[in-house]
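Undergrad: need the 3D shape of this:
(2 chains)
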Amino acid sequence: MSIAQLEAAEVSLEASQGGLWSEAFRRLRRNPSAIIGFVLVALFILVAIFAPLLAPDDPRAQDLQSIFNGCCPGPSSHHLLGVDDLGRDELSRILYGARLSLLIGIVAVSVGLSIGIVLGSIAGFFGGWVDTILMRFVDIMLAIPGFLMAIGIVALLGPGLFQVMIAIGVVNIPIFTRLLRGSVLAQRENDFVLAARAVGVKRRKILIAHVLPNSISVVIVAGTLALATAIIDAAGLGFLGLGPQDPATPEWGNMLTSTVRYLQTAPFLAIFPGVAIVISVLGFNLIGDGLREALDPKLRGRA
Amino acid sequence: MLRFVVRRLLLLIPILLGLSILVFVWIRALPGSPAQALLGERATPETIKQINHQYGLDTPVYQQYWKYLEQTVQLKLGTSITTQQTVLTEIRQRFPATAELAVAAALFSVSIGIPLGFFAAKRHMRAFDQISLAISLFGISIPIFFLALILKYIFAVRLGWLPTVGQISVLINIPHPTNFYLLDALLAGNLGAFWDVVKHLILPAVALGSIPLAIITRITRAAVLDVQNEDYVRTARAKGLPPHTVDARHVMRNALLPVSTIVGLQVGLLLSGAILTETVFSYPGIGSWLQQAIQDRNYPVIQGGILFIAIIVVFVNLLVDISYALINPRIRLGNK
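TA: Numbers count the residues shown, from 1 in each chain, chains lettered A, B, ... in the order given. The predicted structure follows:
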C-alpha cells in the first residue's frame, strides 16, 4: 500500500467514525441497559411533568371514608394503589412525588456542578498556591461522609425542601471540584493548549473555549450519577424528618417515614414509594454507566 | 516508606484543623444564641451579657476558637441537652454497637462481594457476569432504609425468623463490661446470648452492607478483568501452572490491591448509613442516637457525633493509605 493509499484509508476511517459524540451516541443505542435507563428516566420525567393530568386525585385530599375501618385498605378500584394512613390516594402522591424528587435532584446537582466547575477549573488551570488551598479545603469537606454533612447543613438551615436541595448541592461541590481539576490538569499540557498559548490566546479564553469543552463528557457522566445519589440522599433526609415539613407534601422519603408504623398491616405503603425511588435512581445509574462506557476513549472504535 | 508515613501523618494536621474550624463555624452559625437558649423567656439585655461573659462569648472570635480547640482536644464535647450526660459518655456507650454493626456489614459485603466479582470476571459477558452486574446495580440504586424496611417486613414481620428491633432480647441479662455485646456475651460465657446478638445483627448488617457489596463487587470484577490480561498472568499460564494457582497467586494478589483501598473507603458510607439503618431497626448505636438528636435539635450531640465520625473516617483513611503502601511492593520498595 502506498502512502497516499494509506492516508486515504486513514481519512475515510476517521470520517466514518465521526466525532466523539456521534460515536458515543451510536454505542449508546447498541447498549440495551442504557436504553432501559433512558426509558425509565423518560418515564420519570414525563410523570413529573404531567402529574396533574395523570393523577386521579388531589395528592393532599383526604378520603376519610376509606380509612373508616382502620389503616389502611390496599389497592381497590377507587384507589389503584390504596390510600395512606390519612386516607390520601397513594398513586396520586407517588405521581406528584416524582416532581419533587426530580426538582431536588436537578437543583442539588446544578448547585454542586456550577460551583464545582468554577473551583475545579480555577484550581486545575492556575495551579500553585490557589490549587493547594482549594484542594486542602476539598479534602476537609470529603473527610465528612456526604450524607452526614447533608444532615449537618440541614440541621443548621432548619428542615425543609429548599434546605435539602442546598445541603445535597453543597455535598456535591467537593466531588465536582476534584473531578474538574483532574480533567483540566490532564489537558493543560496538551498540544492544543500549547498551540493556543503560542498564538497569544488569553488564559481565560483558553480555559473556556478549549479546556472546559473537553471536560464536558466527564461532567455529564458524573452529573448523571450524582442525580441518582441526590434522589437517594434526599429520600434519606426526608425519611429522617428533615425534608418538607408540611406532612401533606408528597415527597417519597417523607411518605416512607410514616409507613414504619404500619409495616405489619399495610406494607404496600412502604413498597410503592420505595419502588418509585428505585426505578428513578436505577434509570439514572443505567444512563450514567452507559454514557461512561460510550464516552470512554479507551473503548473508542471498538463496538 | 518511613518518609511516606511521616508525610501522610503531617498531612493529617491541616485536615484535622480544617475540620475543627468547619465544626466551629457550624456551631457559631446555629440558629439562636446560646444565651437565648439557656435563658429562654428570662432573657434581658443584662442577663444575656452576663451569660455571654460567663461562656466567653464576648471575646474575639479567634480566642473563642482557641478555647473550642482546647476543649475538643481534651475530649470535652459538651453535654447532651436531653439526658444531661456528657457527649463523650454517650459516644462510649453507643459506639460499640455501631462498630459491631459496621464490622458485620463490612464482613458481609467483603465475603460476598469479592467472590461475586471474581467469578463474574471469570465468566465475563456470560449469564453469571450479567447477574452480578444486575445485583450491584440494584445495590447502589436501593435506598438502604427502604431495603431495611423490606428485609424487616419479610424476615422479621412475615417469616418471624429474626427479631424486628433492638440489639439483644430484653429477657437476656448479661453484664456489659465492654459494651461490645458480642464480646460481652463471650466474656459471660453465654452462648445463647451471643447467638441472640448475632440474630439481631443480621438484618441491619445486610441492609447496611448492600452499597459496599455493590461497590466491592464492581471493583473486584474490574480489577480481575484488568489483571487477567497482564503479561505475567499469561507467562504463569504458559509455564503450566495449574489454573487455581495462577488465580490465587498472580491474579487475585494483584487484583486485591485496588479492592483493599475501596474497602477502607467504605467506612464513611457505613457510619453515615448507620443513621438510617439503626433508625429502621431501633438499633441502639450512634446512628439512632444522632437521629434522635436531630429530632430534638440536640446540637451538642449532633456536633459531637459528626466530629467523632469524621475523625474516625480520617484515621481509617490514613490507615488504609499506609497499609496500601505496606502491601504494595511498588510503593514499599520504590519510595525509599
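
Undergrad: ok, now which ones touch residue B:88?
TA: Contact analysis of residue B:88 by CB atoms under 8 Å, 6 or more residues apart in numbering or on different chains lists B:75-77, B:304. All C-beta atoms are positioned from the backbone trio N, CA, C, and that covers glycine.

Undergrad: out of those, which is most surrounded?
TA: residue B:304 (27 neighbours; other CB atoms under 10 Å in any protein chain shown).

Undergrad: how far away is that one from chain A?
TA: 12 Å (CB to the nearest CB, to the nearest Å).

Undergrad: backbone dihedrals for that residue, please?
TA: Note on residue B:304: backbone dihedrals following degrees, to the nearest 10 are phi -60, psi -40.

Undergrad: okay, it: pLDDT?
TA: If you check residue B:304, the pLDDT there is 86.

Undergrad: longest helix in the chain, by residue count?
TA: If you meant another chain, say so; for now it's chain A. Counting residues, the longest helix found in chain A (DSSP state H) is helix A:90-126.

Undergrad: you answered for a different chain; I wanted chain B.
TA: helix B:191-228.

Undergrad: tell me what angle the helix or strand following that helix forms with helix B:191-228.
TA: Once the chain leaves helix B:191-228, the next helix or strand it forms, by DSSP states H and E, is helix B:231-238. In terms of direction (axes from the mean of the first three to the mean of the last three CA atoms, to 10 degrees), helix B:231-238 departs from helix B:191-228 by 100 degrees.

Undergrad: for residue B:132, what are its contacts?
TA: Applying CB under 8 Å, 6+ apart, the residues near residue B:132 are B:116-117, B:119-120, B:217, B:221.

Undergrad: redo that, cut-off 6 Å
TA: Shown in contact with residue B:132 (CB atoms under 6 Å, 6 or more residues apart in numbering or on different chains): B:116, B:120, B:217.

Undergrad: hang on, the second one in a helix?
TA: Yes: with DSSP: H, G, I helix; E, B strand; the rest coil as the criterion, residue B:120 is assigned to a helix.

Undergrad: pLDDT value on it, please?
TA: The model's pLDDT for residue B:120 equals 89.

Undergrad: need the contact list for it.
TA: B:129, B:132, B:221.

Undergrad: now the first one
TA: Applying CB under 6 Å, 6+ apart, we find residue B:116 in contact with B:132, B:217.

Undergrad: helix or strand: which one has residue B:140?
TA: helix B:127-141.

Undergrad: and residue B:215, how many neighbours does it have?
TA: Neighbours of residue B:215 (other CB under 10 Å): 22.

Undergrad: how close does it get to chain A?
TA: 12 Å.

Undergrad: that residue - nearest residue in space that isn't next to it in sequence?
TA: residue B:262 (6.2 Å; CB to CB, 6 or more residues apart in numbering or on different chains).

Undergrad: measure that neighbour to residue B:164 for me?
TA: 32 Å (CB to CB, to the nearest Å).

Undergrad: so which residues on the stretch 1-150 of chain B come close to chain A?
TA: Counting by CB under 6 Å from any CB of the partner chain, the residues of the stretch 1-150 of chain B lying close to chain A are B:14-15, B:18-19, B:29, B:141-143, B:145-146, B:149.

Undergrad: mind doing that once more with 8 Å?
TA: Residues of the stretch 1-150 of chain B that fall close to chain A, judged by CB under 8 Å from any CB of the partner chain: B:14-15, B:18-19, B:22, B:26, B:29-31, B:137-138, B:140-146, B:149-150.

Undergrad: now list the buried members of those.
TA: Among those, the ones that count as buried by 16 or more other CB atoms under 10 Å in any protein chain shown are B:15, B:18-19, B:22, B:26, B:137-138, B:140-146, B:149-150.

Undergrad: from the residues you listed, which one has the minimum pLDDT?
TA: Among those, residue B:26 has the weakest pLDDT, 81.

Undergrad: is it true that that residue touches residue B:302?
TA: No: the pair residue B:26 / residue B:302 is not scored as a contact, 9.1 Å apart, by CB atoms under 8 Å.

Undergrad: identify the contacts common to the two.
TA: residue A:152.

Undergrad: which element is residue B:11 on?
TA: helix B:2-29.

Undergrad: quick one: buried residues of that helix?
TA: B:4, B:15-16, B:18-20, B:22-24, B:26-27.

Undergrad: let me know the closest of those residues to chain A.
TA: residue B:18 (3.7 Å; CB to the nearest CB).

Undergrad: give me the spatial nearest neighbour of the closest one, chain neighbours excluded.
TA: residue A:140 (3.7 Å).

Undergrad: will you turn the contacts of residue B:132 into TSV that also has distance to residue A:241?
TA: Shown next, in TSV, are the contacts of residue B:132 (distance: CB to CB, whole Å):
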residue	distance to residue A:241
B:116	35
B:120	39
B:217	33
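
Undergrad: got the end-to-end distance for stretch B:73-85?
TA: 19 Å (CA to CA, to the nearest Å).
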